[in-house]
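J.: after the sequence you'll find the predicted model.
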Amino acid sequence: MIDKLEQLVEIHQQLIQFSLEKTTIVKNGEVDKLQSHLVKERKLVQQLEKAEAAREKEVEKWFIDNGLSLDDTTITTMLQHLQDEGEQQALEASAVRLAEALINLKQQEQLNVALIQQSMQFVQLSIDLLSPSLANINYSNKTDMDKSSANRSLFDSKA
């Protein structure tokens, strides 16, 4: 069980590193590099899903082997039923490392989401500034222009 948790911690550490790299890529505006980076990240997420499924199977097997109900398959329950104190401490330490890795990954991904949203807002603002709105195509209302031109003659007699 501890091996499975450590494997999850390792994969999460790799995801944190990928997330840090993604932050740099987004800051630099390297869209092509971001796309290839996301492909690699997806492969790592698939690896994480497989490791999590293996961990779930091992936890289920441990609960069945120890005659415990599958209703509450938590680390806390496992810690309460483990006899070996060294194993308890190792399991608890692995669980804490995994929780810390999850928190770090979540924070880093929230930063990436915020950066991407800001980038999208900047792009939208740039598009809005470059493309004229329908109201600005004509400088004035056609009927207003006709009225003002009717009051003026071609020759200004006051001069």
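T.: Ah, there it is. Residues are numbered from 1 along each chain as shown.

J.: sec struct for residue 90, please.
T.: Using DSSP: H, G, I helix; E, B strand; the rest coil, the secondary structure recorded for residue 90 is helix.

J.: residues in contact with the residue nearest to it when sequence neighbours are not counted?
T.: Residue nearest to residue 90 in three dimensions, not counting chain neighbours: residue 2, with 5.2 Å by C-beta to C-beta, 6 or more residues apart in numbering. Just so you know, the C-beta spots here come from the backbone N, C-alpha and C atoms, and that holds for glycine as well. By C-beta atoms under 8 Å, 6 or more residues apart in numbering, the residues touching residue 2 are 87, 90, 91, 94.

J.: rerun at 6 Å
T.: Taking C-beta atoms under 6 Å, 6 or more residues apart in numbering, we find residue 2 in contact with 90, 91, 94.

J.: list the buried residues for stretch 70-84?
T.: Residues 75, 77, 78, 82 are the ones in stretch 70-84 that count as buried (16 or more other C-beta atoms under 10 Å).

J.: all set, thanks.
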